[in-house]
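Participant: Pasted the sequence and its predicted model underneath.
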Number of protein chains: 4
Amino acid sequence: MSSTKTCSTSLSTANVLEAALSGDERQGRLAAGQDPAKRQQILEGADRVFSTMGFDAASMNDITREAGVSKGTIYVYFDSKEELFLELCIGYRDKLFSGIYSAFEGNHNLRDALIAFGKALSIKVTSDMVIRSQRVVIGVAQRMPSMSRSFYEQGPKKGQAIVKAFLEKHVAAGDLEIEDTELATHQLSDLMMSGLFKRRLFGFTDKEPTEEEINRAVIGGVDMFLRAYGKR
Amino acid sequence: MSSTKTCSTSLSTANVLEAALSGDERQGRLAAGQDPAKRQQILEGADRVFSTMGFDAASMNDITREAGVSKGTIYVYFDSKEELFLELCIGYRDKLFSGIYSAFEGNHNLRDALIAFGKALSIKVTSDMVIRSQRVVIGVAQRMPSMSRSFYEQGPKKGQAIVKAFLEKHVAAGDLEIEDTELATHQLSDLMMSGLFKRRLFGFTDKEPTEEEINRAVIGGVDMFLRAYGKR
Amino acid sequence: MSSTKTCSTSLSTANVLEAALSGDERQGRLAAGQDPAKRQQILEGADRVFSTMGFDAASMNDITREAGVSKGTIYVYFDSKEELFLELCIGYRDKLFSGIYSAFEGNHNLRDALIAFGKALSIKVTSDMVIRSQRVVIGVAQRMPSMSRSFYEQGPKKGQAIVKAFLEKHVAAGDLEIEDTELATHQLSDLMMSGLFKRRLFGFTDKEPTEEEINRAVIGGVDMFLRAYGKR
Amino acid sequence: MSSTKTCSTSLSTANVLEAALSGDERQGRLAAGQDPAKRQQILEGADRVFSTMGFDAASMNDITREAGVSKGTIYVYFDSKEELFLELCIGYRDKLFSGIYSAFEGNHNLRDALIAFGKALSIKVTSDMVIRSQRVVIGVAQRMPSMSRSFYEQGPKKGQAIVKAFLEKHVAAGDLEIEDTELATHQLSDLMMSGLFKRRLFGFTDKEPTEEEINRAVIGGVDMFLRAYGKR
DNA sequence: AATGAATGAGCTTTCATTCAT
DNA sequence: GATGAATGAAAGCTCATTCAT
């Protein structure tokens, strides 16, 4: 990396000004591939293009246009189209499950906690952005198995663990009577977006579900779950 | 290798015989793009290629090779790569739900009928072939929305109607107590492959589920469903 | 490979005509990458482009234009730009030394034989085509050492062996008195184009040498060689 | 790494000192493109890169890295990659023949003088650096004829003149009997590195010749020359 | 009617050059 | 005056589609 001007003259007022400036908004020019804002700009453009067209049909020219950055610049920040996509997938994954599980914490009543969690999960998972992301990842699953596997492992699977722990806690507390908690975990997740997720994934419904639709699925699912596993 | 004209007739009378045959079963030569066997041959080759590589990564040369038909011939039967794929999707859809719903008919006991249906459905939906097909359809859902929507409408949605009718019959018979049968239909479908479908779709599990895994999911799902909706 | 029509009807006159035609000038369509005329056409175009611009500065588009063949076709015949160039180099090499050494055979007088050989060699080596070829090979010698080494080994080096054998024969016959025939071989080759080769190679002279210039160098060189090594 | 302004002055008087210095030896800051040391630094980096990779395969980034100077700076000193290369060629040329001709001066005996000169010439011309330089010049001779011509004119050709004068002196002195001194000049040069130069140029030998190989070629060449042209 | 050699637009990626800092 | 991030034209190569055979 290049040494920036280290002109540490101790008395010139110019330096004071310079230091003041550099501290907040203008920190000189960033090294190649090091500007987080530009990186973000590229990722956002790429996201729009990949989500719309899928990995293969998206061209680097499309991304160039959408990101408002030159092709050369993209290649400074990302080694290849595939690497750019990979980075994006990590973002998809993290976005997908961030903030959902905190829903468990705010509610001490079991049913309320499950409903709050179910709503957060369903809204997120059926959102345009997340649906598109998942389509892209599923679309390349055959050709890039490790990528989509890692997507699943770092995302949904981690989520399952949290839900499972929550259920086990309530089994121990005597609120629930479950033999196979792992299976119940999957069942709960699936019930919470029954009738929503697949229809969105296959594009049968091209709009995000309404609050009413979310409520119907989530409350219906949670109540069914409790009817089956709850202590009488 | 391509099958070529093997006209090893040794006499001019052969032509007469050939003409006679062409009318009924050797069919002589069919009009361009009219031979259903050749059409099928192309579709099967294309299926293998698309399922393995996805739509974009598959090349017409790959299909040519796999189908054992020349490129020109493919273009006589299908206008474009996209049209060929579209046709294939219709096949995917039909294959997906054929023969599953007959499971309802063989069993008069409710639980047995649901389990039989659940097994047939889960095995089919998590099979390599169907998983790959679904990945392809989902992968292009953003770019070709009408295709994947029609896939869903003609396939899963029709299936839902059959299941719903079955449930309603048992509600009427007093075996089940369900308020929202449409929701219950979705719930039943999802429960039957809880923990199997998504993991397969995202490639987390790259082998078809074992019979044991299928049983665990299906029986677990049906029993839960009955515990929630069954008459005490 | 596709099986061609093996319609071996033994009596139809049509087959006779077909056989007659296929035998001499129209042998059906050649397999991809198998038409020697097209291969030659590409090589000739590539030769013109590489000779004029060198390996790196030549673009596949230039070659496409010059050869009058599409890019796709070039890539059917040659796997890469480098492979095409390699093939060309083999041609350069073979062209360079073909037919030169026969000069030894026609003359029984030592001096006449050497002069005939020298002329053939000098004319060839200083010809536009060969000079350009050598420039290209020398230009990539640093980056593709095996290629230029093989060029030297299969070309000049083989030539040296022939000359050496010729000199040894005359040493044995008592016409020449040489201690180090290998060195003398190099000396002879160099003397025969003294003042011609390097000037051409570096582009100091941009026209092929005149007959007079060739004579001056060759006769001067041979006579000097004989004065030094010939029996008094 | 780039050298940066290390202006660690602690007082405003420093500026006065700096100004004073800039006049004579620290020179302060030179006008853009006027610092001969920096110019040299760039040329040396470029030399290493061009010699190794050839003109086309060398990238300005490679040169930037090797010279330790920024791209912008290079473009202040040289208008283009080609111009930089041109300048370098002049350097190649001058280096090539500097110091060789002094060999004539130290020896009064004809044979010793020729051998001393031959050794100096052969060692230089077959050295890695000079071979690589020549390859580059030859490689672009077709595309940049004036460059390589000037290379030849200012280098080898000037050398020939010196050798020719030397030979003529000895002809006049009666040591040599030569009709065509120009031809003899070329012959002498070629004989002195017979078997060395071409093999090196084409990369057949990738190591500089040993002293023994040099001796064999030079002494063999000089003796042959004297046998042919020397007074009995 | 079937073939597959040929086409060329369009792909990902590189790099000489510019110019804001 | 020096820097190196940004640019975009152009590189090598692929592949859906066409059409002479």
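Facilitator: That came in fine, so what should we check first?

Participant: Going by residue numbers, what spans are helices in chain A?
Facilitator: Ranges of helices in chain A, per DSSP state H, are A:13-24, A:36-57, A:60-67, A:71-77, A:81-97, A:103-106, A:110-125, A:128-139, A:145-152, A:158-172, A:181-192, A:197-201, A:211-229.

Participant: May I have the shortest one as PDB, with CA atoms only?
Facilitator: Only the C-alpha atoms of helix A:103-106 are listed here, as PDB (Å, rounded to 0.1, in the frame of the first residue of the first chain):
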ATOM      1  CA  ALA A 103     -38.800 -12.100  18.800                       C
ATOM      2  CA  PHE A 104     -38.500 -15.000  21.300                       C
ATOM      3  CA  GLU A 105     -37.100 -12.700  23.900                       C
ATOM      4  CA  GLY A 106     -39.800 -10.100  24.200                       C
END
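
Participant: and it, which residues are buried?
Facilitator: A:103-104 (16 or more other Cβ atoms under 10 Å in any protein chain shown). From N, CA and C alone the C-beta is placed, and that goes for glycine too.

Participant: What helices and strands are in contact with it?
Facilitator: helix A:110-125 (3 or more Cβ pairs under 8 Å, 6 or more residues apart in numbering or on different chains; DSSP states H and E).

Participant: what's the helix it packs on packed up against?
Facilitator: Checking 3+ Cβ pairs under 8 Å, 6+ apart, helix A:110-125 ends up next to helix A:81-97, helix A:103-106, helix A:158-172, helix A:181-192, helix A:211-229.

Participant: Domain ranges for chain A, per the record?
Facilitator: A:31-78, A:97-229 (automatic domain parsing).

Participant: Which of the ones you listed sits closest to D:Asp206?
Facilitator: Nearest to D:Asp206 among those is domain A:31-78 (34.7 Å), distances taken as Cβ to Cβ.

Participant: Let me know whether the closest one sits next to DNA strand E.
Facilitator: Yes - on the criterion Cβ under 7 Å from any atom of the strand, domain A:31-78 is in touch with DNA strand E at A:58-61, A:71-72, A:75.

Participant: in stretch A:67-83, what counts as buried?
Facilitator: Here stretch A:67-83 shows A:67, A:69, A:73-74, A:76-78, A:81 as buried, counting by 16+ other Cβ under 10 Å.

Participant: So for A:Phe204, what's the nearest residue that isn't a sequence neighbour?
Facilitator: Excluding the flanking residues, the one nearest A:Phe204 by Cβ to Cβ, 6 or more residues apart in numbering or on different chains is B:Tyr152, at 4.1 Å.

Participant: The one you found contacts A:Gly203, correct?
Facilitator: Yes - between B:Tyr152 and A:Gly203 there is a contact under Cβ atoms under 8 Å: 7.2 Å.

Participant: what residues are up against A:Arg132?
Facilitator: Contacts here follow Cβ atoms under 8 Å, 6 or more residues apart in numbering or on different chains; on that basis A:Arg132 touches A:51-52, B:142.

Participant: Nearest to DNA strand E, out of those: which one, please.
Facilitator: A:Thr52 (13.5 Å; Cβ to the nearest atom of the strand).

Participant: Can you get me a residue count around that closest one?
Facilitator: 15 (other Cβ atoms under 10 Å in any protein chain shown).

Participant: In space, what's closest to A:Met193 - neighbours in sequence excluded?
Facilitator: That would be A:Ser122: by Cβ to Cβ, 6+ apart, it lies 4.6 Å from A:Met193.

Participant: residues touching A:Glu168, list them.
Facilitator: Residues A:Thr181 are the ones in contact with A:Glu168 under the rule Cβ under 8 Å, 6+ apart.

Participant: Can you name the residue of chain A nearest to chain B?
Facilitator: A:Gly139 (2.5 Å; Cβ to the nearest Cβ).

Participant: so what pLDDT did the spatially most central residue of chain A get?
Facilitator: The residue lying closest to the centre of chain A (Cα atoms, centre = their mean) is A:Lys95, at 2.0 Å. pLDDT recorded at A:Lys95 is 75.

Participant: Same question for A:Ala161.
Facilitator: So, for A:Ala161, pLDDT stands at 90.

Participant: Near it, how many other residues are there?
Facilitator: Other residues close to A:Ala161 by other Cβ under 10 Å number 12.

Participant: For A:Val171, which non-adjacent residue is closest in space?
Facilitator: A:Ile178 (5.3 Å).

Participant: burial measure for that neighbour, as a count.
Facilitator: A:Ile178 has 20 nearby residues by other Cβ under 10 Å.

Participant: Distance-wise, check it relative to DNA strand E.
Facilitator: 48 Å (Cβ to the nearest atom of the strand, to the nearest Å).

Participant: next one: A:Gln187
Facilitator: 41 Å.

Participant: Does that residue touch A:Phe225 like I think?
Facilitator: Yes - assessed by Cβ under 8 Å, A:Gln187 is found in contact with A:Phe225 at 7.0 Å.

Participant: So those two - more neighbours on which side?
Facilitator: Taking neighbours as other Cβ under 10 Å, A:Gln187 and A:Phe225 compare with A:Gln187 leading, 27 against 24.

Participant: Grab the nearest non-local neighbour of the more buried one.
Facilitator: B:Ser194 (4.6 Å).

Participant: Pull the number of nearby residues for the one you found.
Facilitator: If we define neighbours as other Cβ under 10 Å, then B:Ser194 has 25 of them.

Participant: Help me confirm that it comes into contact with B:Gly221.
Facilitator: Yes - between B:Ser194 and B:Gly221 there is a contact at 5.8 Å, judged by Cβ under 8 Å.
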